[in-house]
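Asks: give the three-dimensional model of this entry:
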Amino acid sequence: ERLNEVSSVWPVKIGLSATIEPMDEVAKYLVGSAPDRKVQIAKVRLNKKIDVQVLSPAKNIIEDEGLHLKMYNLMSELIQEHKTTLIFTNTRSATERVVNYLKEKFPTEYGDDNIAAHHSSLSKDHRYDIEERLREGTLRVVVCSTSLELGIDIGFIDLVIMLGSPKSSSRALQRLGRAGHKLHSISKGRFIILDRDDLVECCVIQKEMNEKKINKIRFPQNCLDVLSQQIYGMAIYKVWEEKELFDTIKKSYCYHKLSRKDFLDIISYLAGEYSLEKNNVYGKIWYDPITKQIGKRGKLARVMYLTNIGTIPEESFVTVKIAPSGESVGVIDESFLGRMRKGDVFVLGGKKYQYRYTKGMNLYVSANVTRNPNIPSWFSEMLPLSYDSAMEINHFRKLMREKLESNISKNKTLEFISKYLYVPKDTAEAIYNYFLEQHSFLEIPHEDLIVIEKFRDEGKNYLLFHTLYGRRVNDALSRAFGYAIGSMGGRDIEIGITDNGFYLAGERLTIKRALEELNEENLEKILKEAIDKTDVLARRFRHCATRSLMILRTYKGRSKTVGKQQMKSHFLLAAVKKISNEFPILREARREVFEDLMDIEGAKLILRGIKNKKISITLIETRVPSPFALHLVMQGHTDLLRMEDKQAFLRRMHELHVKKILEEGSLK
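Replies: Numbering: from 1, shown residues only. Alright, predicted model coming up:
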C-alpha cells in the first residue's frame, strides 16, 4: 500500500506458486482489500509428473534389531542409483548426524568432496559455497534441514529423500519440487520412515500429494508491532491526516479488519502517551488531536528507522547454569527455552537438568534430577504437523476403525488401504497390523473420538490424550487443561506434547471437572492466565518490542546485544503490565503465542466439537500405554536413548501388548 501511495504508475503485482491454497485469500493478500482492486487467478492444471513412494528399511520395523543400520544402507543404495540426491531431515542435528554417519560407514563412497550438510546454523559463505557446488554438479549428495526447500536455483537434482515426515503436503511438494526441476522431468521423491506413526503420517501425506490436496496457508492479521513500525515509516515520509492514514492501512489485506481502537492505541504509544520515558522509550511521532494530523518527531527519525526496521527476531544461545552455585554446564537455543515451562526436565550433555528460573540470557537449573525428561532437545526445531494433514490422518483412522469393527476380512481391508493410500501390499500390511494391535488393545481414536488413557507410572498418575490435531493445537489444549487442573488443587502438573496428543502427569488429576469447565468461550482467558508469567511470553514480548521500536537494536552507531535487549525487555514488560494489561505491544506478544506458536482457533474448534457432542470422549484405565501412545510416552527419553535402545523399548512394549491381547482373547 505504501508503494501504491508513492508510485506515479499503478504497480502490477504478479504472484507465482505451485504449492499454495486457498487461492481466493492469496489473491486478496496480493492486491489488498480495497473494493476497486481487480485480480485474476490463473489456476494452471499441474501436469508435471511426480514419482513418490514411502519406503521402510525393514519389513517389520518393530521386531527388526538392525533397523538403524538398514536405514543407512537403504539411503546409500538410493544415492548410488542417482546422479545427485538431496536429503531432507527435520532438524539441524539430524542433518549433521546423517552426513557424519554416511562418511564413517561408507568412507570410500562419501567424503568432503562429494557430500555436504546445509542448514541455517552454517555461515552464509559456507551455504553459498555448497549451493555453487550443487549447481556445478560436483556434489553427489547434500543433506539439509529446511534451508533448501524454497525455489532457489540449485542445479539438477534427480532424487529427493525425505527422512521422516515433512509434516504437511505443501511442504512435501515443495521439497519434491527440488528434483526434476525441468519442464518435462519427473519429480522423484522417497520417504524413509523409522516408526509406525511416521509410516501412517507419510502415507497420508503421499495420498494428499497424489490427489493435489495442498494445506491451507494462514495470513497473520492485525500484527500491532509491525503496524507500529509501518506507521513510523509513513510519518517520516509526510504529514498524514488521521483518516487518510487509517484508510490506507485498512486497504492492506493483513489489516482490513483493524479496529479503530487498535489503530489509536498504536498512535498513542508512538506519540509517547504511555509515560515510558523513565524506561528510555520516547515518542517517535507527534499527533495533534485537534487537527487530527500525524507526523515524525526528531531529526534522527529517518536514521533511527532505517537502522532498526525488520521483522526477523535476533536469536541467541542461553547459558545453562546450576543454581545456586552458578556453575556453567553448556548452552541451549533460545527457541528451545521458549518452549519450556518451569519444572520441565531436559537433557544436556547426557545429563538431566530441571528448569528453575531465568535471568537475562542465563537459565538456572537443578542437577541430580531423578525424574524422567519430558522435553527433547530438538523439540523447538521440529516442524509441527499441519492441521489439514492431521485431520486427513484422523479421517483415515475413522475408516480403519469402521473396517475393523465391521469384521471385514483382512484381504479386503488390505485392498482398501492399498487403494486409499496408494501403497504396495507390504506397506498396507504394516499399517493394518498397527491398527489391529491398537484396536485389539484399546480403541482407535479418530476425528469424532478422543481417547484418554489413564495409567500410573513411577509414582505418578498419567492422563494421555489421543488428540491428533498437530502440536500447535495440542500446545494450546495441554496448557489449558494443565492450568485448569492445577487451579483445582493439582500441583506440579507435568506436560508432554507431540503432534499425536499430549499427556498430563501429577498426583491429583481431576480431569472430569476440567472437561466440564474448559470451553471455547473461556479458552483464551485461561491461556492468557497460563502464559502470563512464562518465558515464552517474555521472549515473544522482546521480539515484539524490538519490531515496534520500543527497544532499539542500533542507536547512534552502537548496537545492543541480544542479552541486553532481553534485560531491557524484562523491565519494559513489568512496566507495561503496570500501565495496562492490554498495552498494545503486550497484546501482540500474546497474539503471537496464541496464533503463531499455538493454534488457538484450531483448539477452539475441538472444544466446540466436544460441547456440540460431535466429538465424544472416552476415559480408559490401562496398565501400560497403548500402541498409539508409545511415542508420546517415549519422547522425553529420546536424548538419553540410542536408536537401538528405542527399538528395544518398542519391541518390549509390543510384546506386552500382544501378551495382554492374547490373554483377553481380543486379537481379531
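
Asks: what strand or helix carries the residue lying closest to Ile511 once chain neighbours are set aside?
Replies: Excluding its sequence neighbours, the residue lying closest to Ile511 (Cβ to Cβ, 6 or more residues apart in numbering) is Leu463, at 5.6 Å. Using the backbone N, CA and C atoms, a C-beta is placed for each residue, glycine as well. Assigned by DSSP states H and E, Leu463 belongs to strand 460-466.

Asks: chain center to the helix or strand just after that strand: distance?
Replies: Next helix or strand after strand 460-466 toward the C-terminus (DSSP H and E): helix 471-487. Centre-to-centre, helix 471-487 and its host chain are 17 Å apart (Cα atoms, centre = their mean, to the nearest Å).

Asks: contacts for helix 471-487, please.
Replies: Helix 471-487 is contacted by residues 382, 384-385, 387, 390, 465, 467, 469, 493, 495, 497-499, 501-502, 504, 506, 508-511, 514, 517-518, 523, 526-527, 529-531, 594, 597-600, 602-603, 606 when judged by Cβ atoms under 8 Å, 6 or more residues apart in numbering.

Asks: then stretch 316-324?
Replies: Contacts of stretch 316-324 (Cβ under 8 Å, 6+ apart): 327-334, 336-337, 348, 353, 356-358, 361-367, 561-563.

Asks: list only buried entries from those.
Replies: Buried residues within the contacts of stretch 316-324, counting neighbours by 16 or more other Cβ atoms under 10 Å: 332-334, 336-337, 348, 353, 358, 361-365, 562.

Asks: just checking, which of these belong to helices?
Replies: Among those, the members found in helices (DSSP state H) are 334, 336-337, 562.

Asks: of the residues you listed, which pair is most distant in space?
Replies: Phe336 and Val562 (14.7 Å; Cβ to Cβ).

Asks: hmm, back to that, nearest to Val576, of the buried ones among the contacts of stretch 316-324?
Replies: Thr358 (19.0 Å).

Asks: okay, strands next: where are they in the stretch 451-600 of the chain?
Replies: Ranges of strands in the stretch 451-600 of the chain, per DSSP state E, counting those that start in this stretch, are 460-466, 494-497, 502-506, 554-555, 558-559.

Asks: Ala179: which of those strands is closest?
Replies: Taking Cβ to Cβ, strand 494-497 is the member of the strands of the stretch 451-600 of the chain nearest to Ala179, at 32.9 Å.

Asks: which parts of the closest one are buried?
Replies: Under the neighbour-count criterion of 16+ other Cβ under 10 Å, strand 494-497 has 494-497 buried.

Asks: and what of stretch 297-316?
Replies: Neighbour-count burial for stretch 297-316 [16+ other Cβ under 10 Å]: 297, 301, 304-305, 307-308, 313.

Asks: do stretch 198-214 as well
Replies: For stretch 198-214, using 16+ other Cβ under 10 Å, the buried residues are 198-209, 213-214.

Asks: any idea how far the nearest residue in space to Asn500 that is not next to it in sequence lies from Asp499?
Replies: Nearest non-adjacent residue to Asn500, counting by Cβ to Cβ, 6+ apart: Leu468, 4.9 Å away. For Leu468, the distance to Asp499 (Cβ to Cβ, to the nearest Å) stands at 7 Å.

Asks: need the overlap of contacts for the two.
Replies: Joint contacts of Leu468 and Asp499 (Cβ under 8 Å, 6+ apart) are Ala390.

Asks: circling back: could you identify the most distant pair in the buried ones among the contacts of stretch 316-324?
Replies: Spatially, the most separated pair among the buried ones among the contacts of stretch 316-324 is Tyr353 and Val562, at 22.1 Å (Cβ to Cβ).

Asks: would you confirm that Thr91 contacts Met382?
Replies: Yes: look at Thr91 against Met382 with Cβ atoms under 8 Å: they come within range, at 6.5 Å.

Asks: of those two, who's got more company?
Replies: A count of neighbours by other Cβ atoms under 10 Å puts Thr91 above the other of Thr91 and Met382, at 20 against 17.

Asks: where does pLDDT dip in the protein?
Replies: Within the chain, the segments meeting pLDDT under 70 span 46, 151-153, 349-350, 376-381, 490-491, 636-647, 649, 665-668.

Asks: give me the domain ranges for it.
Replies: Domain assignment for the chain by automatic domain parsing gives 2-39+219-306, 51-210, 318-366, 387-446+625-664, 451-621.

Asks: CSV for these, including distance to Asn374?
Replies: Converted to CSV, the domains of the chain look like this (distance: least, Cβ to Cβ, whole Å):
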stretch, distance to Asn374
domain 2-39+219-306, 30
domain 51-210, 18
domain 318-366, 6
domain 387-446+625-664, 4
domain 451-621, 5
